[in-house]
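Visitor: heads up, no residue letters with this:
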């Protein structure tokens, strides 16, 4: 079966799927094969898909979003890779309710920022000030930063989409300093014939990209590594675990113990505070890169008294 998994992996790469998507799809495909007692997907009864999705909802209590990811993985496997039509599935949707996002007050965000300096502070400022996902932030290259126009370009985000978002003017000084540090790292690597990691597709399209500073990561990792696709020695960007580690320490030092603070919390706070300040929901949707405005509307449920000028009737009592 390993040869089959490798064929699926090759097909995913041929179609240009991201490494994160590849990893997720292969994980759920392996689990589905295990669920089917290792029967080959070419001969397995398609009703097994419905049984597996219902099993995940009833036995594993997975969320609706996880169930959709599994469905996408299996639809890819059968329809795109094996050319077997899945058709309509009558599985039971997961009933686990989606939780409202955790949002920090501006005062709490400032307390966390006060615990950080230089590069680490800049990363959190970009997560909050630009509404970036942590992978989008760490994947920024020098060419994605436009200080004159006060904007950033988040490339190959969720759904393989590029989008433009805001750049806070208060972050410019720290950003310029980080740009210079990234250029120094790039120049040292260039002397050794080492470049920033770039996909084989882009390498063919831009054969001299490894020599250009525009392709250098804004937040380069401290060590070189082997490219996951080509095996060549290169420099990647910081790993998200680095951010999670220093953020955990900063949150504790700031005395924020009643809320679970993650990297994504700052993206939630960005959207909520933008709406509370009167920004149009369509604008926030575009800045976040949401396909559907319904996804953005969840932040209206955590606005409290700022939404539509609403206030508790208790405040009117004397």
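Guide: Sure thing, it's come through. Bear in mind that the values here come from a model prediction, so they are computed numbers and not experimental data.
Visitor: where's the closest residue in space to residue 119 that isn't next to it in sequence, which helix or strand?
Guide: Closest residue to residue 119 apart from its sequence neighbours, by Cβ to Cβ, 6 or more residues apart in numbering: residue 178 at 5.8 Å. The way it works is simple: take the backbone N, C-alpha and C, and place the C-beta from them, glycine included. According to DSSP states H and E, residue 178 maps onto helix 172-191.
Visitor: give me the buried positions along the helix or strand of the chain with the lowest mean pLDDT.
Guide: Here the helix or strand of the chain ranked lowest by mean pLDDT, DSSP states H and E is helix 200-205, holding a mean of 79. For helix 200-205, burial by neighbour count (16 or more other Cβ atoms under 10 Å) applies to residue 203.
Visitor: and the top strand by length along the chain, what other elements does it pack with?
Guide: For the chain, the longest strand by residue count, based on DSSP state E, is strand 220-226. Contacts defined by 3 or more Cβ pairs under 8 Å, 6 or more residues apart in numbering; DSSP states H and E place strand 220-226 against helix 172-191, strand 233-237.
Visitor: can you list contacts of the first one?
Guide: Contacting residues not belonging to helix 172-191 are listed as 118-119, 121-122, 125, 142, 145, 147, 167, 195-196, 211, 213, 216-220, 224, 235 [Cβ atoms under 8 Å, 6 or more residues apart in numbering].
Visitor: let's see 7 Å
Guide: 118-119, 121-122, 142, 145, 147, 195-196, 211, 213, 216-218, 220, 235 (Cβ atoms under 7 Å, 6 or more residues apart in numbering).
Visitor: same question, the shortest one
Guide: Taking contacts as Cβ under 7 Å, 6+ apart, the residues outside strand 233-237 that touch it are 138-139, 189, 194-197, 217, 219-221, 224-227.
Visitor: show me which of these are buried.
Guide: Buried among those (16+ other Cβ under 10 Å): 138, 139, 189, 195, 196, 197, 217, 219, 220, 221, 227.
Visitor: how much space is there between residue 218 and residue 119?
Guide: As for residue 218, its distance to residue 119 is 9 Å (criterion: Cβ to Cβ, to the nearest Å).
Visitor: what's the answer for residue 107, then?
Guide: 24 Å.
Visitor: quick one: which of the two has more around it?
Guide: Remark: of residue 107 and residue 119, residue 119 carries more neighbours, 17 against 7, as counted by other Cβ atoms under 10 Å.
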